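> Generate a structure from the sequence data that follows.
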Amino acid sequence: MTTAATTRQPPRWVDFHCHLDLYRDHAAVIAECDRERVATLAVTTTPKAWKRNRELASRSRHVRVALGLHPQLVADRAGELPLFEALLPDARYVGEIGLDAGPRFYRSFPEQERIFERILRACAEQGGKILTVHSVRAVPKLLGHIEAALPQDRGRVILHWFTGTPAEARRAAALGCYFSINREMLRSPKHRQLVAALPLDRLLTETDGPFVEIDGTPIRPPSVSDTVNQLASLRAIEAGQLGRTIISNLRALVTAG
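Got it, this is the predicted structure:
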């Protein structure tokens, strides 16, 4: 997310996980990200969506596009794995990928694991990838795959909407993972307690829009400013300072290695 343009006009906010192509006004949201200077990672759910997303964001100063194969779609889209692998050399950002052991998706879990391991190993072979990862009810297995297949010096992982245990969070941090936080995570006392203990230098913000809504309206990337304010209050840090820390964390993430 660093280019000559963003050097001249640095981001004010970070939305590291947003489904821009699921908004009705996709192009307008990209323009909004640029206008409000929100460094936004546009995740995709299938490899077939990646090229069009990248075309729409090709002139954006602040939007980057990730190549994804969502675990919830594996039952129907596993056949797109060869396309994913063919596109991967041209994609620095990868996501949404991961594991989902929730009741609706548990039947496909063995196939999810197979695909997730293939993706991790391909990312490790190519190096330099930045991954945003889904981990519903599957954190121990997911971290095991990351530990086995993706050395820290070959890729970086951001755990999107992480809801694991404190022990799992510590294990993830020890593996070098980052955590992207959205406003819904801060509504639950249990998750607020978890977020309050995460390493400050591993925090990013996200919306997961348009799935997260405010009063029935899909959240948009600039709304991460409110998440920063809530997160700052939780961590007893001045909001401006926390905002600068999150920008610094993003820079460290994208310039490492």
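> tell me what the host helix or strand of Gly98 is packed against?
Gly98 is part of strand 93-100 when elements are defined by DSSP states H and E. If you count contacts as 3 or more Cβ pairs under 8 Å, 6 or more residues apart in numbering; DSSP states H and E, strand 93-100 packs onto strand 63-67, helix 109-126, strand 129-136, helix 139-149, strand 155-160. C-beta coordinates here come from the backbone N, C-alpha and C atoms, glycine included.
> quick one, it and strand 63-67 angle?
Calculated by axes from the mean of the first three to the mean of the last three Cα atoms, to 10 degrees, strand 93-100 forms an angle of 50 degrees with strand 63-67.
> just the angle between strand 93-100 and strand 129-136, please?
Counting by the same axes, to 10 degrees, strand 93-100 points 20 degrees away from the direction of strand 129-136.
> strands paired with strand 93-100, and their directions?
If you go by DSSP bridges, strand 93-100 pairs up with strand 63-67 (parallel), strand 129-136 (parallel).
> What are the contacting residues of that strand?
When contacts are defined by Cβ atoms under 8 Å, 6 or more residues apart in numbering, strand 93-100 is touched by residues 17, 41, 43-45, 64-72, 88, 109, 112-113, 116, 119, 123, 129-138, 141-142, 145, 158, 160.
> Tell me where this protein has strands.
In the chain, the strands defined using DSSP state E lie at 13-18, 38-42, 63-67, 93-100, 129-136, 155-160, 178-181, 203-205, 213-214, 217-218.
> Can you flag the weakest of these by average pLDDT?
Ranked by mean pLDDT, those bottom out at strand 213-214, with a mean of 93.
> Partner strands of that one and their direction?
Short version: by DSSP bridges, strand 213-214 pairs with strand 217-218 (antiparallel).
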